[in-house]
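Novice: Provided below are the primary sequence and the corresponding predicted coordinates.
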Amino acid sequence: MKFRITGKITSLTVKWGYCIILSAVAVAARADVSTARPSPDWLKSGTVYEIFPRNFSAAGDLNGITAKLDDLHSLGVNILWTMPIHPIGEKARKGALGSPYSIRDYYAVDPNYGTVADFKKLVSGAHQRGMKVIMDLVANHTAWDSVMMAHKDFYKQDAKGQVIPPVPDWTDVAGLNYANPALRTYMITMLKYWITEAGVDGFRCDAAPMVPTDFWEQVRTELSKVKPDIILLDEGEKPELLVKAFDLDYSWKLMWTVNDVLLHNAPADKIRHSWEESHAQWPKDALRLRISDDHDESRAVARYGFNGALAASALMFTLDGVPLLYNGMEVGDATESADPALFDKLNICWHPHPSERPAFTSIYHDLIQLRKQYAALRTSDVEWLHNSDEAKLLTFRRADGKDELLVVINLSNQPISGKVDLQNVEGFSPVKITSLQSSDSGPLPAFHLNGFEWRIYHRATPGAVAGR
């Protein structure tokens with residue numbers, strides 16, 4: 001979620017402040033138990049595709065998404081996340097069209113997007129193709145002209161009884177008050193409506209750490225009665241939420257660390273240290289959403305360049321957790337996704353000139369298929385390996401009882417000849433990624449990589465071949 005702010009406070013300042021709100025609680029709120037709640041296999045093996053309906057197609061509606069379901073299915077993604085589809089508030093609106101996270105009516109569909117019937121058609125079409133659909137749930141606040149304003153006691157109020165925003169700078173929304181049991185009942189009933197009426201498979205919960213944990217635990221209990229394999233995605237980083245309520249959360253800190261490495265020349269092994277720090281704080285087997293691009297960021301290709309963006313994606317698709325693709329990322333779209341795109345309409349460039357960028361679609365397709373093919377990429381274990389230049393290189397191994405995958409990523413724009421600290425390299429061979437240009441490389445443990453080049457090696461686990 002992002003809000004445009006006028007005056008001396010910039011949207012970037014607010015974005016980082018917002019993300020700090022969502023993640024600062026992480027250390028203080030470590031889970032008291034050692035294991036995360038179990039999640040369905042379709043999530044563990046999945047790839048999430050985030051859709052901003054306004055900018056996804058020229059029409060900017062739900063039918064524009066339905067028309068591209070075959071393309072999304074061919075890409076291999078299996079979880080579609082629609083950003084908020086509800087009517088947007090007009091009072092105190094920011095931008096020409098307003099933020100989709102300023103919602104007037106949770107039970108309605110924005111008429112610019114279509115109707116409830118159109119959304120049901122989208123969900124049904126996705127299900128026919130073996131894909132799941134999760135909705136964006138904005139539970140922390142509403143628009144100032146929300147239909148819920150008829151119940152003033154649903155909202156946070158100051159000492160004078162005036163409804164207030166959840167954060168002073170978020171002037172286009174009003175904060176909801178979860179101390180009121182009636183509000184909780186309203187919200188849970190609404191969520192059940194979208195499950196029973198439209199058949200949705202889960203919810204991505206905006207600003208979830210700003211809402212009481214016990215409410216989310218209520219939500220999990222009640223929604224599981226309606227649909228046992230429902231999933232909840234927490235936008236923030238609060239370990240306790242993964243114990244009883246949520247299936248996965250955002251790995252914001254890891255993405256910020258990738259920014260530090262690719263944009264500010266921080267050493268590559270800072271990424272390893274960030275992963276290890278979070279791994280120690282989160283419940284065992286916790287699922288993390290691995291992101292390098294979403295609607296709160298400038299596009300990855302704009303931040304890192306085309307090859308740098310692919311190097312970041314190679315990391316996110318081969319680490320533990322669930323990877324995310326955002327709204328045209330698979331064609332290397334560079335159209336702005338943050339301010340002003342959140343408040344206005346900026347369409348995806350679906351057909352860029354092929355000579356201008358790598359073959360993103362085939363590369364992402366193969367990364368998705370690789371996760372489906374090898375269960376080793378879907379475990380919670382990551383073995384970090386030392387290498388000869390840890391300021392520029394990341395090397396790690398993913399393994400189960402059948403397969404081992406060795407990942408080598410050059411996070412600099414300079415060619416590197418290096419060596420990975422792995423004594424037994426017999427049987428490893430490079431995995432073919434369609435359309436990915438690879439440099440010549442000698443036998444492991446030595447290798448040569450061009451700037452931002454990455455390589456994935458595979459071998460059957462010794463002794464496992466005969467048992468297949």
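Specialist: Good, I have the coordinates.
Novice: Can you say which helix or strand has the most centrally placed residue in the chain in it?
Specialist: The chain has L324 as the residue nearest its centroid, 4.5 Å off, counting by CA atoms, centre = their mean. For L324, the element it lies in under DSSP states H and E is strand 322-326.
Novice: show me what contacts F317?
Specialist: Contacts for F317 (CB atoms under 8 Å, 6 or more residues apart in numbering) come out as R290, P323, L367, I368, L370, R371, L377. For glycine as for every other residue, the C-beta is placed from the backbone atoms N, C-alpha and C.
Novice: An error on my part: the question was meant for L444.
Specialist: L444 neighbours (CB under 8 Å, 6+ apart): L406, V420, L422, V425, F428, Y457.
Novice: okay but the second one is in contact with T395, surely?
Specialist: Yes. V420 is in contact with T395 according to CB atoms under 8 Å; the separation is 4.6 Å.
Novice: who touches both of the two?
Specialist: The contact sets of V420 and T395 overlap at L385, H386, N387, L406, V408 (CB under 8 Å, 6+ apart).
Novice: Isn't T213 up against A245?
Specialist: Yes. Using CB under 8 Å, T213 is in contact with A245, at 6.8 Å.
Novice: So those two - more neighbours on which side?
Specialist: The residue with more neighbours, out of T213 and A245, is A245; 22 against 17, by other CB atoms under 10 Å.
Novice: Quick check: the more buried one vs V219, distance?
Specialist: 7 Å (CB to CB, to the nearest Å).
Novice: Equivalent analysis for Y250, please.
Specialist: Distance, Y250 to V219, using CB to CB: 18 Å.
Novice: Mind jotting down where the helices sit in the stretch 351-468 of the chain?
Specialist: Using DSSP state H, counting those that start in this stretch, the helices of the stretch 351-468 of the chain run over 360-373.
Novice: Can you pull out the low-pLDDT segments for it?
Specialist: For the stretch 351-468 of the chain, the stretches flagged by pLDDT under 70 are 356, 463-468.
Novice: Tell me where it has strands.
Specialist: With DSSP state E, counting those that start in this stretch as the criterion, the stretch 351-468 of the chain has strands at 383-384, 393-399, 403-410, 416-419, 429-430, 446-449, 454-460.
Novice: Select, out of those strands, the one closest to R184.
Specialist: Taking CB to CB, strand 393-399 is the member of the strands of the stretch 351-468 of the chain nearest to R184, at 40.9 Å.
Novice: tell me the angle of the closest one relative to strand 454-460?
Specialist: Here strand 393-399 runs at 30 degrees with respect to strand 454-460, directions being taken by axes from the mean of the first three to the mean of the last three CA atoms, to 10 degrees.
Novice: For the strand holding L324, list every residue counted as buried.
Specialist: Burial within strand 322-326, assessed by neighbour count using 16 or more other CB atoms under 10 Å, is assigned to V322, P323, L324, L325, Y326.
Novice: For burial, what's the neighbour tally of A150?
Specialist: 7.
Novice: mind checking pLDDT for it?
Specialist: On pLDDT, A150 comes in at 98.
Novice: I'd like to know which of the contacts of L444 are buried.
Specialist: By neighbour count, with 16+ other CB under 10 Å, those hold L406, V420, L422, F428, Y457 as buried.
Novice: if we can go back for a sec, can you name the two of the contacts of F317 that sit furthest apart?
Specialist: R290 and L370 (14.1 Å).
Novice: Which of these two has more residues huddled nearby?
Specialist: It is R290, of R290 and L370, that has more neighbours when counted by other CB under 10 Å, with 24 against 18.
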